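# here's my sequence, what's the structure:
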Amino acid sequence: MRIALGQLWQETNTFNPLPTTRESFEQFGVLRGQEMIERMATTNELGGFIQSLRQWPEQPELVGLARLPAWPGGPATAATFDWLRQELIDALRAALPVDAVLLALHGAMAADQHPDVEGEILTEVRQIVGPSIPIVATLDLHTNVTDAMVRSTNALVLYHTAPHIDVVETGTRAAHVLRRILVEGARPITAFQKIPASMPAEIANTQAESGVSVDLKRALVELETQPTVLTAGLATVQPWLDIPDFGSSVLVTTDGDEQLARRSCAMIAAELWRRRCEYLPQLVTIEDAVAKAHANPTGLVVLSDAADATTSGAPGDSVWILRELLKYTWPREALVTLVSPATVALATQLGSGQAIHTRLGGVRDTRFGTSIEFDGQVVRLFDASFVLNGHLGKNMPITMGPSAVLRQGNVHIVVTTLSGPHFAPELFQAAGFDPFAASVLIAKSPCGFRAVYSQRAAAIYSVRAPGCAPTDFWKYPFEKIPHPTWPWDEIEFWEPRPVIFKLRD
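Numbering: from 1, shown residues only. The predicted structure is shown next:
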C-alpha cells in the first residue's frame, strides 16, 4: 500500500502589493521526497499524517511528493503557479502507482490568472490518479472552499480552532478519515454549503470561554463523534481575498448518509448566518489604544495591529502605531516589529551600539502605509531563526533572516529581513527580550496571538489602523467578489441549500 503525501501552503492577501514568488517558497523551506518525510515527521499537518500512517497495522509505504510552503503574502505570480503545479504534479506522476493521496493545503491561495490555486491543482491530481483513488486534503479554517476542491477530493478536513493550535491534530484526523475510506470501505458523501459572507477574525476565538466560535466549534466536534460522520468543517474565509468565487463555507462528509450530511451542513450554516453579527469586533483608535497602554502601570498590554498582520498576508512594515508609541516615555520595553531588509542592511553596516538615522515604513505597503523619520541606536544584530509552537505551528522551523533591534528611548523595534510570525514570543526571545515583561507589545495578528498572550496580558486591545488586512475590510475597494455578500451588502433573507457530492465509482 503506497500513500503519497504533499503540502502546498500559502495564504494570499490580494491587497498586498508584493508578489509571492518561487523565492518566497524556497526561503521558507522546500522539501522533496524522502527528505520531506524525515524532516516533517513531527511538524504540523504533515507530522499528523506521518505519525498516524506509521501506526496503521498495514504499514503503508509513505511516498513524499513535495513540501511547498510560503509565508502569507501577496498573490503568486503566474510563473510561480506554473512552478508549484509542476513540482507537485511531476512528483505525483513519478510516484505512480499510489493507493491514496494525502495533501496538506491552506485553501486560500491565489495567483495571477489563477484565483483558485488549490482547486486547479486538486482537479489535476484527480485526473492523474483516476476516480477510484482516495484523495483527502486538510485545509485552514480560513480557506476559501470551491466546487472544484470538493469535487476533486473524497474529503476535506478543516482546522477546528482559531487560533490555529490543532494543526497536527488536523493531520491526524485526515489520516483517520483516509483509513476509513481506503481500508474500512467508507463511501463518502459530502454536503457543501457556500455562504455569502466573510467574518472578521478578531474575536473568532474558539479558545474563549464562550461565544459564537466556541459554540460552532463544539457543534462540529460533536458531529464528528457520530459513527457515520467522517468530518465536519466550517470555513469563515480569508477576508482579504478579492476573487470571484468568494465566501464562507460549511462541509459535512458522512459514510453514505446523505440526509445526515445535508441536514447537519444546513444546520451549521444557518447558525453561522444567524449569528454573523457577533463576529463584528470593537475597535480602538491608535491614539486611544496607546494611551490606554501607557496608563496601565503594571503588566503587559498587547495591541493587535490586525491591519498589518503578517499572519494575514500583510507586508509587515506599518509604522502607524509605532509613530504614536514614540510620543510616550515607557517604564519598561515597548516592543514593535517591522519587516525591512534595507533597514537590517543599514544596521548591519553601522554595527551594534551605533547611532542610526533612517526612515521606517511605507516601503513594502505602498497602498496604505506611511513612513517616519527615526533617530535611535542599533542595540543588537541577530539571526531570527527559531522553532514555532502555538498558533500556526508545532515544531515548525522559522527563518526570518538577518535581523536587528533598534531603540529610541524605551521603544524597541525588532526589524527582520523576511516576513513571519510577527507576534510570536519566540521572535522576541530571539531578539533578546522577555515579551511578557514588556510594558506594551504590538502583535501583528488579528486573533492568533491570543493563544500565547491572553492568559498573561493585563489588557488586549484591537486597534483600528490603515493596512492591507483591515478589520473593517468591507469598507475597502473589493472589485471581484460576488454580490450580495455580507457585510458589504445587507441581505434580508438567506437560507442554506447544501449541494451534495458523492464518491465516484
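
# so the protein: which segments form each domain?
2-279+497-502, 284-470 (automatic domain parsing).

# and H483, which of the ones you listed is closest to it?
Smallest distance to H483 across those (CB to CB): 8.4 Å, for domain 2-279+497-502. No exception for glycine: its C-beta is placed from N, CA and C like everyone else's.

# distance from the closest one to the middle of the chain?
12 Å (CA atoms, centre = their mean, to the nearest Å).

# what about that domain, average pLDDT?
Domain 2-279+497-502 shows a mean pLDDT of 97.

# start and end of it, how far apart?
24 Å (CA to CA, to the nearest Å).

# do stretch 440-454 as well
14 Å.

# and what of stretch 492-502?
32 Å.

# and that stretch, what's buried?
496, 498, 501 (16 or more other CB atoms under 10 Å).

# stretch 262-276 too?
262, 264-266, 268-273, 276.

# same question, stretch 355-373
Buried residues in stretch 355-373 (16+ other CB under 10 Å): 356, 358, 360-365, 368-369.

# quick one: N13 and A469 touch, right?
Yes. Applying CB atoms under 8 Å, one finds N13 in contact with A469, separated by 5.9 Å.

# can you list residues touching both of the two?
Contact criterion CB atoms under 8 Å, 6 or more residues apart in numbering; residues shared by N13 and A469: 240, 312-314.

# which of those sit farthest apart?
W240 and A314, at 8.0 Å, using CB to CB across those.

# please enumerate the shared neighbours of those two.
Going by CB under 8 Å, 6+ apart, residues that sit against W240 and also against A314 are 13, 15, 468-469.

# can you give me the end-to-end distance of stretch 152-171?
Across stretch 152-171, first to last residue, CA to CA, it's 19 Å.

# would you map the helices across the stretch 401-505 of the chain?
In the stretch 401-505 of the chain, the helices defined using DSSP state H, counting those that start in this stretch lie at 425-430, 450-453.

# kindly export the last one (C-alpha atoms) in PDB.
Extracted in PDB, the C-alpha atoms of helix 450-453 (Å, rounded to 0.1, in the frame of the first residue of the first chain):
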ATOM      1  CA  ARG A 450      -4.200  35.300  21.900                       C
ATOM      2  CA  ALA A 451      -3.100  31.600  22.100                       C
ATOM      3  CA  VAL A 452       0.000  32.800  23.900                       C
ATOM      4  CA  TYR A 453      -0.800  36.200  25.400                       C
END
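
# please enumerate the helices of the chain.
22-28, 33-39, 44-53, 78-95, 117-129, 147-152, 167-182, 212-224, 258-274, 286-295, 320-325, 341-350, 425-430, 450-453 (DSSP state H).

# so which of the ones you listed is the most packed in?
Ranked by mean neighbour count, those are led by helix 44-53 with a mean of 24 (mean count of other CB atoms under 10 Å).

# distance of the closest residue to T43 other than its chain neighbours relative to V229?
Spatial nearest neighbour of T43, chain neighbours left out: N395 (4.6 Å); criterion: CB to CB, 6 or more residues apart in numbering. Distance of N395 to V229, given as CB to CB, to the nearest Å: 30 Å.

# those two: who's more crowded?
Neighbours around N395 and V229, counted as other CB atoms under 10 Å, are more numerous at V229. The numbers are 19 against 14.

# ok, A108 touching Q238?
Yes. Contact criterion CB under 8 Å: A108 and Q238 qualify, at 3.9 Å.

# shared neighbours of those two, anything?
11-12, 142-144.

# just among those residues, which is most surrounded?
Counting by other CB under 10 Å, top hit in the shared contacts of A108 and Q238: N144 with 30 neighbours.

# who touches L335 in this structure?
Going by CB under 8 Å, 6+ apart, the list of residues near L335 reads 412, 414, 428, 433, 435, 438, 440-442.

# in JSON lines, list those along with distance to G247 and pLDDT.
Below are the contacts of L335 laid out as JSON lines (distance: CB to CB, whole Å; pLDDT from 0 to 100):
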{"residue": "H412", "distance to G247": "41", "pLDDT": "98"}
{"residue": "V414", "distance to G247": "36", "pLDDT": "98"}
{"residue": "F428", "distance to G247": "36", "pLDDT": "98"}
{"residue": "F433", "distance to G247": "41", "pLDDT": "98"}
{"residue": "P435", "distance to G247": "36", "pLDDT": "98"}
{"residue": "A438", "distance to G247": "39", "pLDDT": "98"}
{"residue": "V440", "distance to G247": "37", "pLDDT": "98"}
{"residue": "L441", "distance to G247": "34", "pLDDT": "98"}
{"residue": "I442", "distance to G247": "31", "pLDDT": "98"}
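
# from those, which land in strands?
412, 414, 440-442 (DSSP state E).

# how much space between P72 and T366?
18 Å.

# tell me where the stretch 251-400 of the chain has strands.
For the stretch 251-400 of the chain, the strands defined by DSSP state E, counting those that start in this stretch cover 284-285, 300-304, 334-339, 355-360, 372-390, 393-408.

# can you add mean pLDDT and give those back as a markdown table?
Shown next, in a markdown table, are the strands of the stretch 251-400 of the chain (pLDDT from 0 to 100):
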| stretch | mean pLDDT |
| --- | --- |
| strand 284-285 | 98 |
| strand 300-304 | 98 |
| strand 334-339 | 98 |
| strand 355-360 | 98 |
| strand 372-390 | 97 |
| strand 393-408 | 97 |
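
# out of the ones you listed, nearest to T138?
Using CB to CB, the strands of the stretch 251-400 of the chain put strand 393-408 closest to T138, at 13.6 Å.

# and the spatially closest residue to T161 that is not a sequence neighbour, what does it touch?
Nearest residue to T161, sequence neighbours excluded (CB to CB, 6+ apart): T206, at 4.8 Å. Going by CB under 8 Å, 6+ apart, T206 touches 160-163, 213-214, 217.

# switch the cut-off to 6 Å
Counting by CB atoms under 6 Å, 6 or more residues apart in numbering, T206 touches 161-162, 213-214, 217.

# tabulate the strands of the stretch 251-400 of the chain (CSV), appending distance to T153.
Formatted as CSV, the strands of the stretch 251-400 of the chain follow (distance: least, CB to CB, whole Å):
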stretch, distance to T153
strand 284-285, 42
strand 300-304, 34
strand 334-339, 35
strand 355-360, 45
strand 372-390, 28
strand 393-408, 24
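
# among the ones you listed, which is nearest A148?
Using CB to CB, those put strand 393-408 closest to A148, at 28.3 Å.

# packing partners for that closest one?
helix 341-350, strand 372-390, strand 411-416 (3 or more CB pairs under 6 Å, 6 or more residues apart in numbering; DSSP states H and E).

# for V319, which of the ones you listed is the nearest?
Evaluated over those, closeness to V319 peaks at strand 372-390, with 5.2 Å, by CB to CB.

# buried stuff in that closest one?
374, 376, 378-379, 381-382, 384, 386, 388-390.

# dump the residue contacts of N16.
With CB under 6 Å, 6+ apart, N16 has these contacts: 73-74, 313, 315, 468.

# recalculate using a threshold of 10 Å.
Applying CB atoms under 10 Å, 6 or more residues apart in numbering, one finds that N16 lies in contact with 72-75, 240, 310, 312-316, 364-365, 367, 419, 467-469.

# I'd like to know which of those are buried.
For the contacts of N16, a neighbour count by 16+ other CB under 10 Å gives the buried set as 72-75, 240, 310, 312-316, 364-365, 419, 467-469.

# what number of residues lie near M400?
27.

# now that it has come up, it's in contact with S385, right?
Yes. Contact status for M400 versus S385: in contact at 7.2 Å, counting by CB atoms under 10 Å.

# looking at the domains of the chain, which is nearest to F478?
Smallest distance to F478 across the domains of the chain (CB to CB): 4.7 Å, for domain 2-279+497-502.

# excluding sequence neighbours, find me the nearest residue to T311.
S445 (4.8 Å).

# surely the one you found and A307 touch.
No. In this structure S445 lies outside contact range of A307 using CB under 10 Å: 11.0 Å.
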